[in-house]
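A.B. asks: below are the sequence and a predicted model for it; my questions follow.
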Amino acid sequence: MRVSPTSTGLIAATVSFISFGTSGAFVKPLLEAGWSPAAAVTARAFTAGLLLLPFVVVSLRGRWSLLLQARWSVLGMGLVGVAVTQVLYFAAIQRIPVATALLIEFLAPLILVGFTWAVSRRTPAPVVLVGSVLAVGGLVLVIGPGAIQAVDPIGVAAAFGAAIGCAVYFLIAARPNNGLPPVALAGAGLLLAAPVLALVGATGLLPFTATFGDLPLFGTTTAWWVPLLVVAVFG
């Protein structure tokens, strides 16, 4: 039995949002142990980028010029989609519950709907508007109505910033990129974000701290690299 492209896309999207949901739960113990958001994102991006590197090399098959041709997409993916979005999201969960930050960041599709509406000056189709309302309602029901309480205004602002960055991430990923394979775009973005964030941390523009002892995780104690590896591989 052949699987249709639509079914394949829906399966991929489902695996994607489930794996993304692991980020907050596993990163928060790192942040509480003394890791700064910039340091956590740098370690995560560098580890994930190295893991994807063999797949990037195989997917390009020597066509390295594709990275140059899609340089603006790669820059946008690395700097906005990975660096800015994740730093703001991790900064948000330092101050507000993970569920609240997720609820706000997952408003990114609605931001895209509003952006398209404003740019094109065409009212979205009724099904898009109804879907947007149902999406917000569904998120509230799944995460819990109590999640929308504003615990900390700075944390909420950071989460909204992450939502905007996430919308840019979706927009870049959806655009044609001169034949650049998706895994190459993701891997190159991760490997670009890591040194940029490390450089920003070295200049002191962002706090850049890390600890390397054991930390509590879901009622037990584990090494610091365990949650980091989970968010790098799965998240």
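C.D. replies: Ah, there it is.

A.B. asks: low-confidence stretches in the chain?
C.D. replies: Along the chain, segments meeting pLDDT under 70 span 1, 139, 142-151.

A.B. asks: can we see that at 50?
C.D. replies: Scanning the chain for pLDDT under 50 picks out no residues.

A.B. asks: quick one: the helices in it?
C.D. replies: Assigned by DSSP state H, the chain shows helices spanning 5-20, 22-32, 37-60, 65-69, 71-75, 85-95, 98-105, 108-120, 126-143, 153-174, 182-203, 225-233.

A.B. asks: tell me how many other residues crowd residue 75.
C.D. replies: For residue 75, the neighbour count with other C-beta atoms under 10 Å is 16. In short, each C-beta sits where N, CA and C put it, glycine included.

A.B. asks: now do it against residue 37, distance only.
C.D. replies: To residue 37, residue 75 is 21 Å away according to C-beta to C-beta, to the nearest Å.

A.B. asks: with residue 125 instead?
C.D. replies: Look at residue 125 and residue 37: by C-beta to C-beta, they are 38 Å apart.

A.B. asks: who's more crowded, the two?
C.D. replies: A direct count of neighbours by other C-beta under 10 Å for residue 125 and residue 37 places residue 37 higher, at 24 against 9.

A.B. asks: tell me the contacts of the more buried one?
C.D. replies: 31, 86-88, 90-91, 94, 206-207 (C-beta atoms under 8 Å, 6 or more residues apart in numbering).

A.B. asks: which among these count as buried?
C.D. replies: 31, 86-88, 90-91, 94, 206 (16 or more other C-beta atoms under 10 Å).

A.B. asks: tell me the contacts of residue 104?
C.D. replies: Taking C-beta under 8 Å, 6+ apart, we find residue 104 in contact with 92, 156, 159-160, 162-163.

A.B. asks: oh, that last question was meant for residue 185, not what I typed.
C.D. replies: Here residue 185 is in contact with 70, 73-74, 77, 172-173, 177 (C-beta under 8 Å, 6+ apart).

A.B. asks: now with 7 Å?
C.D. replies: Residues near residue 185 by C-beta atoms under 7 Å, 6 or more residues apart in numbering: 70, 73-74, 77, 177.

A.B. asks: export those to TSV and tack on distance to residue 189 and neighbour count?
C.D. replies: Output for the contacts of residue 185, formatted as TSV (distance: C-beta to C-beta, whole Å; neighbours: other C-beta atoms under 10 Å):
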residue	distance to residue 189	neighbour count
70	11	22
73	9	22
74	6	25
77	3	25
177	11	21
